[in-house]
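A.B. asks: just coords:
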Ligand code: 9MR
């Protein structure tokens, strides 16, 4: 669909979206449907959002970045909140030991604020060695390694939390610390010196720096059968945090559903009852829930695109129906809105396989049945009392 500037204004496109139109050689912004996903969510006391990338300061207007007017139009049309896909990770904010780099993250926060959108923080500690900055892997913890490691963590968490201050009202404090295969806490250079205290230290430091911010543990235990160990491990881990009075407010359900396994196979099969029980137990600990990184890995779905999009939408609706039946869910975020910008279509992940269709919009920025499924699931969800101040 190609729009003139006048069409765009008629459709209610504003600001950057409309201004980007005349005669430019890149994807044209389209008008997103109304009511938006965030408007539907707001009617139920929830917010809808997406991941977004900053891109280089003066980068090309392509991809899932704020430089891309077509992508920005989808974000501002559909979302009430955003989360940086990578820009607030430790490897991005502190790539070397000697300094912090806030430029890209700050640009994303400014973009969100300019459009009246809230922004979540992701994440203070991604407790998986592969994603540590290199300097941390080889850090010299000296003769009193436990206190040096604690100081390093507290300094980092405090510096980052204070940098953004109250502009960020919800942080993924710790990401993916439970091993999906064993259900145990991952071992890292930090646990070598601090043991399980690594996690407690991060949550306490975040609470100290931001007393009223929502503090979240975020992980990818899913509803498919292959996640059973992971779910059990996360539950035990959360029980431990609660029993030690560690300041945690919510569990982030990443919700990368579909998975690598064939959905028809024994391990790829969804387990709605087990998923419901898991959420029931987590909320029984007094924790809130968020859907933080929703998408559908459709590798094992039918190859015909129309049949595939239908199957993806049905799969997602069934998942969201169970998940949103919990009034403790206040935020639903997709990990990208447009298929072509999804991490699942990165060369590293796709490994030469077919293009995946994991997001609510296709590569031409047209809404897909998955967008309708999300809207339907939100419409079907019970209302709840809003937790966050409304945006947009
Ligand atoms: O989508 C992200 C991708 O661009 C990055 O290369 C990758 C490593 O930083 O992280 C991806 O996002 C992950 C998120 O931060 C945590 N949960 C899993 C997400 C997909 O891998």
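C.D. replies: Right, received. Where do you want to start? Computed from a prediction, not measured in an experiment: that's the story for all the values here. Residues are numbered from 1 along each chain as shown.
A.B. asks: what about residue 333, which helix or strand?
C.D. replies: Assigned by DSSP states H and E, residue 333 belongs to strand 329-334.
A.B. asks: Which elements pack onto that strand?
C.D. replies: When contacts are defined as 3 or more Cβ pairs under 8 Å, 6 or more residues apart in numbering; DSSP states H and E, strand 329-334 packs onto strand 47-52, strand 81-84, strand 288-296, helix 305-324, helix 369-380. Backbone N, C-alpha and C define where each C-beta goes, glycine included.
A.B. asks: Mind listing the strands that strand pairs with, and their directions?
C.D. replies: According to DSSP bridges, strand 329-334 forms sheet pairs with strand 47-52 (parallel), strand 288-296 (parallel).
A.B. asks: could you list every residue that touches the closest residue to the ligand within the chain?
C.D. replies: Per Cβ to the nearest ligand atom, residue 343 is where the chain lies closest to the ligand, at 3.3 Å. The neighbours of residue 343, taking Cβ atoms under 8 Å, 6 or more residues apart in numbering as the test, are 85, 335, 336, 349.
A.B. asks: Beta-bridge partners for the spatially closest residue to the first one that is not a sequence neighbour, please?
C.D. replies: The reference is to residue 85. Among residues not flanking residue 85 along the chain, residue 51 sits closest, at 4.3 Å (Cβ to Cβ, 6 or more residues apart in numbering). Note on residue 51: beta-bridge partners residue 83, judged by DSSP bridges.
A.B. asks: and residue 51, how many neighbours?
C.D. replies: 25 (other Cβ atoms under 10 Å).
A.B. asks: so who does it touch?
C.D. replies: 64, 82, 83, 84, 85, 122, 293, 333, 334, 335, 336.
A.B. asks: for residue 167, same thing?
C.D. replies: Residue 167 neighbours (Cβ under 8 Å, 6+ apart): 109, 113, 119.
A.B. asks: can you list the residues of the stretch 201-350 of the chain near the ligand?
C.D. replies: Residues of the stretch 201-350 of the chain lying close to the ligand (Cβ under 6 Å from any ligand atom) are 254, 293, 343.
A.B. asks: ok, those vs residue 275, which is closest?
C.D. replies: Closest approach to residue 275 among those (Cβ to Cβ): residue 254, at 13.3 Å.
A.B. asks: you'd agree that closest one is up against residue 290?
C.D. replies: No. Look at residue 254 against residue 290 with Cβ atoms under 8 Å: they stay out of range, at 9.7 Å.
A.B. asks: Looking at these two, which one has more neighbours?
C.D. replies: Shown here are residue 254 and residue 290; by other Cβ under 10 Å, residue 290 has more neighbours (28 against 21).
A.B. asks: got the buried residues for stretch 115-125?
C.D. replies: 115, 117, 118, 119, 120, 121, 122, 123, 124, 125 (16 or more other Cβ atoms under 10 Å).
A.B. asks: So what's the gap between it and the chain middle?
C.D. replies: 9 Å (Cα atoms, centre = their mean, to the nearest Å).
A.B. asks: What of stretch 216-227?
C.D. replies: The chain centre lies 13 Å from the centre of stretch 216-227; the measure is Cα atoms, centre = their mean.
A.B. asks: Span of it from start to end?
C.D. replies: 20 Å (Cα to Cα, to the nearest Å).
A.B. asks: Which of the contacts of residue 167 fall within strands?
C.D. replies: residue 119 (DSSP state E).
A.B. asks: Let me have the contacts of residue 167 in a markdown table, extended by distance to the ligand and pLDDT.
C.D. replies: Shown next, in a markdown table, are the contacts of residue 167 (distance: Cβ to the nearest ligand atom, whole Å; pLDDT from 0 to 100):
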| residue | distance to the ligand | pLDDT |
| --- | --- | --- |
| 109 | 17 | 98 |
| 113 | 22 | 97 |
| 119 | 15 | 98 |
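A.B. asks: right, and residue 322 touches residue 276 too?
C.D. replies: Yes. Residue 322 lies in contact with residue 276 (Cβ under 8 Å); the separation is 5.4 Å.
A.B. asks: coming back round to it: look at the residue nearest to residue 85 and report its pLDDT.
C.D. replies: With respect to pLDDT, residue 51 has a value of 98.
A.B. asks: Quickly note the distance from it to residue 28.
C.D. replies: Distance check for residue 51 against residue 28: by Cβ to Cβ, to the nearest Å, it reads 22 Å.
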